[in-house]
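**Q** predicted model and sequence below, questions to follow.
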Amino acid sequence: MRVLLVEDDVTLGEAVRDHVASADHAVDWTKTLDAAESALSTTGYGLVLLDLRLPDGSGIALLKRLRAKGITTPVIILTAHDQISDRIEGLNSGADDYLVKPFNLGELTARMLAVSRRYSGRPVSLLRVGDLEIDATDRRVTATGTVIELSSREWAVLDALSSRVGAVVSKSQIEEALYAFGSEIESNTVEVYVSRLRKKLGRDHITTLRGIGYRLG
């Protein structure tokens, strides 16, 4: 999953960025509302982690603008303000969850997974596709009981496909899942990782629809 972190506190931002990246997500970190809006206008994100107090304004204002434009990207608010009124305002403005600083990074991971499952239509973390079992929480894949070792980028491709089992996922969507904002993307990168997944999972699990994308299941 590709995550946008909007946080101006350098110490916290580094901790959250490194933790989320260690779970094999691509993370773009911005420190202002302007930078966040620029990133959101050019890149598709699976989740936004949004601070409320930023140098150039309120995170709530950004959230309201996103929802007014019809942008449904899930948002988790991260803030030091723990008043009930602040939580209500955030949730009523379109936030999907709320974490008060300081928070446990493990809890952040759990909430991220819960929110992403709701949006992907995957209410549980364990998914079965043919003889495959895909556990999104533990990032583990097994085939008929045998664990299949995947690299971080192989998992990113599988996660993008398994979030929409039976539906077509475009090449550009997979590219966004693979790399952080601004990274170089070779023209055949997606094909390379899909090929590697087929060798490990079995060729029949992933279908190519030429010129359209890929489908799992």
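**A** Here it is on my side, so go on. Numbers count the residues shown, from 1 in each chain.
**Q** what's the domain layout of the chain?
**A** Taking the TED database as the criterion, the chain consists of the domains 2-120, 126-216.
**Q** start and end of the shortest one, how far apart?
**A** End-to-end span of domain 126-216 (CA to CA, to the nearest Å): 15 Å.
**Q** all strands for this protein, in order.
**A** For the chain, the strands defined by DSSP state E occupy 2-6, 26-30, 47-51, 53-54, 57-58, 75-79, 97-100, 126-129, 132-135, 140-143, 146-148, 168-169, 206-209, 213-216.
**Q** these two touch, right, Y179 and A26?
**A** Yes - between Y179 and A26 there is a contact under CB atoms under 8 Å: 5.9 Å. The way it works is simple: take the backbone N, C-alpha and C, and place the C-beta from them, glycine included.
**Q** those two: who's more crowded?
**A** More crowded of Y179 and A26, by other CB atoms under 10 Å: A26, with 23 against 15.
**Q** and the residue nearest to L108 when sequence neighbours are not counted, how far is that from A80?
**A** Residue nearest to L108 in three dimensions, not counting chain neighbours: L99, with 6.3 Å by CB to CB, 6 or more residues apart in numbering. Distance of L99 to A80, given as CB to CB, to the nearest Å: 10 Å.
**Q** quick one on the thing from earlier: the residue nearest to L108 contacts V75, correct?
**A** No - the criterion here is CB under 8 Å, and L99 misses it with V75 at 11.5 Å.
**Q** of these two, who's got more company?
**A** For L99 versus V75, the count of surrounding residues by other CB under 10 Å is larger for V75: 26 against 16.
**Q** okay, now the unreliable bits of this protein?
**A** Applying pLDDT under 70 to the chain flags residues 119-125, 137, 180-185.
**Q** 80 instead, please
**A** Scanning the chain for pLDDT under 80 picks out the ranges 24, 81-83, 117-126, 136-139, 163, 165, 176-187.
**Q** spell out the residue ranges of the helices in it.
**A** Under the criterion DSSP state H, the chain contains helices at 10-22, 33-42, 59-68, 84-92, 105-120, 152-162, 171-178, 189-201.
**Q** for G211, which of these is the nearest?
**A** Closest approach to G211 among these (CB to CB): helix 171-178, 9.2 Å.
**Q** tell me who's in contact with T43.
**A** Applying CB atoms under 8 Å, 6 or more residues apart in numbering, we find T43 in contact with 2, 4, 28, 176, 181.
**Q** the residue nearest to D8 when sequence neighbours are not counted - how many residues pack around it?
**A** In this structure, D8 finds its nearest non-sequential neighbour in K31, 4.5 Å apart by CB to CB, 6+ apart. K31 has 18 neighbouring residues, counting by other CB under 10 Å.
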